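A.B. asks: pasted the sequence and its predicted model underneath.
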Amino acid sequence: MQGRVPVTVVTGFLGAGKTSLVRHLLEHAAGRRIALVVNEFGELGVDREILAGCGIPGCEEDSIVELANGCICCTVADDFLPTMRRLLGRATPPDHIVIETSGLALPKPLVKAFGWPEIRTRATVDGVIAVIDAAAVAAGLFAADPRAVERIRREDPSLDHETPLEELFEEQINCADLVVLNKTDQVDGDGLARAEAAVRRHLRPGVRFLRARHGALDPALLLGLQAEAEADLDSRPSHHDAGEPHEHDDFTSFVVELDRVTSPQGLAAAVRRLARELPVYRVKGFARLDDRPVRLVLQAVGDRVETYFDRPWRPGEPARSRFVVIGEAGLDRDRVRSLLGAAADPDARS
């Protein structure tokens, strides 16, 4: 590595468990000074808030940098490079930098940025880790019609895929030095086999493949890959290598605020109904319950919903319920708000 600061890029689709993996890594850093760059898609920095409030010893507030309101692969010059300058320019630079991309980010343009003259002599991409949601992939949630996509692929493997979700899935795996099949506890043997088969179709030669639950892997497996990925771009195929523009017009993201939430169960039921009725990929955020002084975290992928209390509301902190909703472009925002409003009145019929 020639004295350069190693950087690990953690990529993966919406809700794959990137934040869980990063949090586990920080909790078991074994004295490493790790700086974390979190890229959010949306107006509410949910993932950064979860990590910043986790109480991990040695994880100082200024070690977590958020790049908000966009996809890191589209804002390299404006946001990412100045952030890297600040981190590398510290009197005592970090031992390792971890970048958690948004679920819509293409990793290859980010890796290319490490070839910039002001970065390449001071940092190197130690490895790109793609985190895959085993349950989602087994259910085909990355494609509008997974059976049709699979049939077309078998008939003509060179044909372009028809949905942006499928393309993102491929881009992230194609660029990876290590693939983590996460949430394996949520699938049976057949589901795990389907998920592994979908991933292996896109693995580059020599790329390792690991299974995980809740992102719990020994940091020794994740750090120190020494891939120098920025010098190995040609082996990482991309749909956009020929100059095809990368757009997010197929997605929309917005914040929904609720006056009140009656219970975790009522909130989860409202989110499941939302996922069944509308093309929503991801819902995440925080809720205030009238009878609890602690903050409720919501993480949802499709109709799979997780809620838990993470910490008390801080003095002076606005204790309110706010959620990021990510779905197809043209998503009916009024209908989304109406369906989520059932969390304030579980008996409501909207």
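C.D. replies: Yep, that arrived.
A.B. asks: after the helix or strand bottoming out on mean pLDDT in the chain, next one along is what?
C.D. replies: Scoring the helices and strands of the chain by mean pLDDT, DSSP states H and E places helix 146-155 at the bottom, with a mean of 50. Once helix 146-155 ends, the next helix or strand along the chain (criterion: DSSP states H and E) is helix 164-174.
A.B. asks: below-threshold pLDDT in the chain: ranges please.
C.D. replies: 1-2, 40-78, 141-165, 242-251, 345-350 (pLDDT under 70).
A.B. asks: hey, where'd the helices end up in it?
C.D. replies: Secondary structure of the chain (DSSP state H): helices at 18-27, 46-52, 81-88, 107-113, 117-120, 134-138, 146-155, 164-174, 189-200, 219-222, 264-277, 333-340.
A.B. asks: point out the most buried one among those.
C.D. replies: Stretch with highest mean neighbour count among the helices of the chain: helix 134-138 (a mean of 24; mean count of other CB atoms under 10 Å). To be clear about C-beta, it is placed using only N, CA and C from the backbone, and glycine gets the same treatment.
A.B. asks: what angle sits between the longest strand along the chain and helix 18-27?
C.D. replies: When every strand of the chain is counted residue by residue (DSSP state E), the longest turns out to be strand 123-133. Regarding strand 123-133 and helix 18-27, their directions subtend 130 degrees when assessed with axes from the mean of the first three to the mean of the last three CA atoms, to 10 degrees.
A.B. asks: what pairs with strand 123-133, and is each one parallel or antiparallel?
C.D. replies: Strands flanking strand 123-133 in the sheet, each with its direction: strand 5-12 (parallel), strand 178-182 (parallel) (DSSP bridges).
A.B. asks: may I have the longest one exported as CSV, CA atoms only?
C.D. replies: What that stands for is strand 5-12. Taking Å, rounded to 0.1, in the frame of the first residue of the first chain, the C-alpha atoms of strand 5-12 are listed here in CSV:
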residue,chain,number,x,y,z
VAL,A,5,-4.6,5.1,3.9
PRO,A,6,-6.6,2.1,2.9
VAL,A,7,-10.3,2.7,2.1
THR,A,8,-13.1,0.1,2.1
VAL,A,9,-16.1,0.9,-0.1
VAL,A,10,-19.3,-0.8,1.2
THR,A,11,-22.0,-1.0,-1.5
GLY,A,12,-25.2,-2.9,-1.8
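A.B. asks: hang on, the earlier thing: out of the strands paired with strand 123-133, nearest to Gly31?
C.D. replies: Closest to Gly31 of these, according to CB to CB: strand 5-12, at 15.4 Å.
A.B. asks: distance between the closest one and the chain's centre?
C.D. replies: Relative to the centre of its chain, strand 5-12 is centred 12 Å away, using CA atoms, centre = their mean, to the nearest Å.
A.B. asks: got the angle for it vs helix 81-88?
C.D. replies: With the same axes, to 10 degrees as the criterion, the two stretches strand 5-12 and helix 81-88 enclose an angle of 130 degrees.
A.B. asks: can you point out the buried residues in strand 5-12?
C.D. replies: When burial is assessed from 16 or more other CB atoms under 10 Å, strand 5-12 yields the following buried residues: Val5, Pro6, Val7, Thr8, Val9, Val10, Thr11, Gly12.
A.B. asks: quick one: it to helix 164-174, angle?
C.D. replies: Interaxial angle, strand 5-12 versus helix 164-174 (the same axes, to 10 degrees): 150 degrees.
A.B. asks: from memory His239 sits against Phe169, does it?
C.D. replies: No. The criterion here is CB atoms under 8 Å, and His239 misses it with Phe169 at 11.2 Å.
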